[in-house]
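[1] Got a predicted structure plus its sequence, pasted below:
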Amino acid sequence: MVSYKDMDSYKAMEERLQNINEKDNYIVKIDTTKATKLQKLISTSIEKVDDSLDISTFAKAIANVLEEDYGTHNYKTFFTVIQKEL
C-alpha cells in the first residue's frame, strides 16, 4: 500500500522531472545566428594566438571563460549542449 508520504515524494519527483524537461526544451532553442558569429570570432582569435593551438589549451581557456563569466550554475547546461552538439 502506498502512503501519503510516498505520494508526496512521487509528486515532488514528477515536478522536478518536468522542470528538467522544460530546461531541456529551452536548450534546444539555440540562436544559431549568434552561435555561428561567435564560432567565427573564436576561430579568428585562435589563429591570432596560435594557428596550431593544442586542444588542452583551448579547453582550459573555455573552462576559464565558463568559470569567470558564467558561473557554476551554468555548467550543467553547458555540458548538456556540448554533448548534444558533438
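    The structure has been received and is ready for your questions.
[2] now V65: how far from K11?
    Using Cβ to Cβ, to the nearest Å, V65 is found at 39 Å from K11. C-beta coordinates here come from the backbone N, C-alpha and C atoms, glycine included.
[3] try Q39
    Counting by Cβ to Cβ - Q39 and K11 are separated by 43 Å.
[4] before we move on, what about F79?
    28 Å.
[5] Next, count neighbours for A35.
    The tally of other residues near A35 (other Cβ atoms under 10 Å) stands at 12.
[6] That should have said T77, apologies.
    14.
[7] State the helix or strand in which it lies.
    Assigning secondary structure by DSSP states H and E places T77 in helix 75-85.
[8] how distant is that helix from the center of its chain?
    Helix 75-85 sits 4 Å away from the centroid of its parent chain (Cα atoms, centre = their mean, to the nearest Å).
[9] Return the list of helices and strands in contact with that helix.
    Contacts defined by 3 or more Cβ pairs under 8 Å, 6 or more residues apart in numbering; DSSP states H and E place helix 75-85 against helix 4-28.
[10] Sweet, I'm off.
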